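> everything below, folded, please.
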Amino acid sequence: MKITFLLPLLSLACVDPPSTEPGSNEPNGAAVPGAPGPGQSAGPSAAMAGGPPGAGPVVPPPGPDTPTTPTPMALQQDEIEGVTVSGTISCDDCAGPFLVRVDDAVADPPYLITEVSFAEAGPYTIKVPKDTKIVLMVVHDENEDALPSPGEKFGLWTGGLLDTSADATDILLTVGIIPDTPPIQPTGAFEGEEEGVQE
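Next up, the predicted model:
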């Protein structure tokens, strides 16, 4: 089975079962209980994500099952008639450019819907298809090749799966911050709560 870029990264995050405690201040999606907030370290899972302790999550080297060519995105921005996701890209110790990547979390296996490159941290807006559930990722494109390359730092929105039934605003993407519980199971299957994925 072809493995997307996102799945190997998610498999490196902590896979403790999600908490059922109420409470969320994330727009359009339930925040992952226990996930680091803005400005906080990604914790123990960061050291598991391909870099030395304290380095934060980084793109791991390709594995034996990783495709030799990057998975192309399904849609260019001008091909999408849907909704917009906007917010802020943040990185405490890096400058641009940054890639904002959108993966379809419902498809099996998940796939890259679209991505946009931004020259610097700050406000971003990206168009996404309506009525799906997505994972949002930001990658510090340090070598400026418009690809997530091994050793480059990344972050995931800590709100879990984002429902795109309407425009979403104030979505913070922070390089170095990932949720404690992966938004998609490492196997790539979307099996529902029995497999630890909250809808």
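
> would you confirm that residue 134 contacts residue 162?
Yes. Between residue 134 and residue 162 there is a contact at 5.1 Å, judged by C-beta atoms under 8 Å. C-betas here are computed from N, CA, C, even on glycine.

> is it true that residue 157 touches residue 175?
No. Contact status for residue 157 versus residue 175: not in contact, 11.9 Å apart, counting by C-beta under 8 Å.

> how near is residue 174 to residue 64?
Relative to residue 64, residue 174 is positioned 31 Å away (C-beta to C-beta, to the nearest Å).

> name the residue in those two with the higher neighbour count.
residue 174 (24 against 4; other C-beta atoms under 10 Å).

> find the nearest non-adjacent residue to the more buried one, please.
Distance criterion C-beta to C-beta, 6 or more residues apart in numbering; nearest residue to residue 174, sequence neighbours excluded, is residue 90 at 4.4 Å.

> my guess is the one you found contacts residue 172. True?
Yes. Counting by C-beta under 8 Å, residue 90 does reach residue 172; the two are 6.3 Å apart.

> the helix or strand bottoming out on mean pLDDT in the chain: what's the following helix or strand?
Least confident helix or strand, the chain: helix 44-47 with a mean of 34, by mean pLDDT, DSSP states H and E. Using DSSP states H and E, the helix or strand that follows helix 44-47 in sequence is strand 83-90.

> and for that following strand, what are the contacting residues?
38, 98, 100, 102, 118, 121-128, 130, 134, 136, 138, 162, 164-175 (C-beta atoms under 8 Å, 6 or more residues apart in numbering).

> partner strands of it and their direction?
strand 122-128 (antiparallel), strand 168-174 (parallel) (DSSP bridges).

> pretty sure residue 165 contacts residue 131?
Yes. Between residue 165 and residue 131 there is a contact under C-beta under 8 Å: 5.5 Å.

> follow-up on the earlier one: for the strands paired with strand 83-90, give me a markdown table that also has distance to residue 112 and mean pLDDT.
Below are the strands paired with strand 83-90 laid out as a markdown table (distance: least, C-beta to C-beta, whole Å; pLDDT from 0 to 100):
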| stretch | distance to residue 112 | mean pLDDT |
| --- | --- | --- |
| strand 122-128 | 12 | 98 |
| strand 168-174 | 16 | 97 |
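
> looking at those, which is closest to residue 80?
When the strands paired with strand 83-90 are compared by C-beta to C-beta, strand 122-128 sits nearest residue 80, at 4.3 Å.

> tell me the buried residues in that closest one?
Using 16 or more other C-beta atoms under 10 Å as the test for burial, strand 122-128 gives 124, 126, 127, 128.
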